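Participant: how would this look folded up:
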Amino acid sequence: MFLRDHWYIAAFQRDVASKPERKIILGEPVVLYRAPEGTIVALEDRCIHRDVPLSMGACLPDGSLQCAYHGMRFDRHGNCIHIPEQTRVPGEARVRAYPVVLSGEWVWVWMGDPERADEALVPAYPWFKRPAWRARLGHIHVKCNYRLLVDNLLNMAHLPFVHPRTIGSEGVVKDAKVMVERKSDGVRLSRRMYDIEPPPTYKAAGGFEGNVNRWQTIDFTAPSFFEFDTGVIEAGYEIPDTSRPGEFATNAKILSRHSMHGVVPETERSSNYFVGFAYDPESMGEQTADFVFESVYKTFLEDVEILEAQQANMDLAPGRRRINMASDAAGLHALQVLEQLEAAQAARAGH
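Facilitator: Numbering: from 1, shown residues only. Below is the predicted model:
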């Protein structure tokens, strides 16, 4: 069951053009395009006539979308406004139009009841709206159910084993101080690690020679959005309150980053994973930002290999019993939140 009354990332704003592009979100085909005056439109990617994808067609000067098969035209609200060789357009000749919001770097699409679409529910990532701050953006297609990604992002115990060449180190697991906080719409996972060896990425990017104190604060908002606050500071200094940039210990080496992760279900066995990394160019140079993002992006590719193998094994033995570990606590809480939302959705549908 997919959770439909939620906002999902469909694309980066920068990538949506006048040429229609097909997306699959929650198992539904969606076509995205930018009308001539700049408005981004999301429609059902299936012509009401013979099921041909509208993404194969073209955006016309009036902002309508023309089907590539028989030339039917649909306005940005999904209404058919022209059928070649006939003057009458049947009232039922329309396709679904999805509410769209542009926020941060992304195009958000509401996949549920349009009457319930509230822009205030779009996940807020203030780090991407800070004046003068910059961002690095990435996307990965993953052949696994989105819940496996949710579980992966809420269990950092895999870092030393999957990512030893980038962000993983023994100290991530050994003696980590962990706190899990259940929220009504998600989970907060806080991890603090003291006097540990910095992982390779932080060592190279920040020039750390000795041990560090490391922090990871992960806020999960259901159904599948994450805000990461992570970094390292020289051992001997207090881990800073990074919610107030610029108030770090002035004499300490520090490397801090804020990132956003959007996991969008495509089908039951595939997902689209969007990531954004925001930084202050006053405290992190362009070369360092490039290096950090490229290194972290490589870690995601390492996760993909694990997750796709995991999904393949699960497909061979659906429902097979699995055990849990202490480090699974945040992921298990997230699963319970998802199950509660699914139950509420089913109850609404039943009425």
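Participant: which residues touch Pro29?
Facilitator: 22-23, 44-46, 53 (Cβ atoms under 8 Å, 6 or more residues apart in numbering). Where you see a C-beta, it was placed from the backbone N, CA and C, and this is true even at glycine.
Participant: out of these, who has the most neighbours?
Facilitator: Within these, Asp45 tops the neighbour count with 24 neighbours, counted by other Cβ atoms under 10 Å.
Participant: I'd say it and Leu54 touch.
Facilitator: Yes - taking contacts as Cβ atoms under 8 Å, Asp45 lies within contact range of Leu54: 5.4 Å.
Participant: mutual contacts of the two, please.
Facilitator: Contacts common to Asp45 and Leu54, judged by Cβ under 8 Å, 6+ apart, are Val31.
Participant: follow-up on the earlier one: which of the contacts of Pro29 lies closest to Val150?
Facilitator: Closest approach between the contacts of Pro29 and Val150, by Cβ to Cβ: Lys23, at 20.2 Å.
Participant: and the helices in the chain, which stretches?
Facilitator: Under the criterion DSSP state H, the chain contains helices at 146-153, 159-162, 200-206, 286-316, 329-350.
Participant: give me the mean pLDDT for the fourth one.
Facilitator: So the one you mean is helix 286-316. Mean pLDDT, helix 286-316: 92.
Participant: next one: the last one
Facilitator: Averaging pLDDT along helix 329-350 yields 94.
Participant: counting by contacts, list what it packs against.
Facilitator: Packed against helix 329-350, as judged by 3 or more Cβ pairs under 8 Å, 6 or more residues apart in numbering; DSSP states H and E, are the following elements: helix 146-153, strand 177-183, strand 186-196, strand 212-221.
Participant: can you put the ones you listed in TSV and add mean pLDDT?
Facilitator: Formatted as TSV, the entries for the helices and strands packed on helix 329-350 read as follows, by pLDDT from 0 to 100:
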stretch	mean pLDDT
helix 146-153	97
strand 177-183	94
strand 186-196	95
strand 212-221	94
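Participant: between those, which one is nearest to Glu37?
Facilitator: Nearest of those to Glu37, taken as Cβ to Cβ: strand 212-221 at 32.5 Å.
Participant: the closest one vs strand 177-183, what angle?
Facilitator: In terms of direction (axes from the mean of the first three to the mean of the last three Cα atoms, to 10 degrees), strand 212-221 departs from strand 177-183 by 10 degrees.
Participant: got the angle for strand 212-221 vs helix 146-153?
Facilitator: Counting by the same axes, to 10 degrees, strand 212-221 points 150 degrees away from the direction of helix 146-153.
Participant: and strand 212-221 with helix 329-350, angle?
Facilitator: Here strand 212-221 runs at 10 degrees with respect to helix 329-350, directions being taken by the same axes, to 10 degrees.
Participant: just name the most buried of the helices of the chain.
Facilitator: Among the helices of the chain, ranked by average contacts under mean count of other Cβ atoms under 10 Å, first place goes to helix 146-153 (a mean of 22).
Participant: so which elements touch that one?
Facilitator: For helix 146-153, the packing partners by 3+ Cβ pairs under 8 Å, 6+ apart are strand 212-221, strand 254-267, strand 270-279, helix 286-316, helix 329-350.
Participant: buried residues in the second one?
Facilitator: Same thing as strand 254-267. Within strand 254-267, the residues that count as buried by 16 or more other Cβ atoms under 10 Å are 254-266.
Participant: paired strands for that strand, with orientation please.
Facilitator: Strand 254-267 has the following strand partners under DSSP bridges: strand 225-234 (antiparallel), strand 270-279 (antiparallel).
Participant: how about those strands, which one is nearest Gln66?
Facilitator: With Cβ to Cβ, the closest approach to Gln66 among the strands paired with strand 254-267 belongs to strand 270-279: 26.9 Å.
Participant: send the alpha carbons of that closest one over as CSV?
Facilitator: Extracted C-alpha coordinates of strand 270-279, given in CSV (Å, rounded to 0.1, in the frame of the first residue of the first chain):
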residue,chain,number,x,y,z
SER,A,270,11.8,0.4,-7.3
SER,A,271,12.3,3.8,-5.9
ASN,A,272,13.8,7.2,-6.8
TYR,A,273,16.3,8.6,-4.3
PHE,A,274,16.9,12.4,-4.3
VAL,A,275,19.6,14.0,-2.3
GLY,A,276,20.6,17.6,-1.7
PHE,A,277,23.6,18.9,0.3
ALA,A,278,23.5,22.6,1.4
TYR,A,279,26.5,24.5,2.6
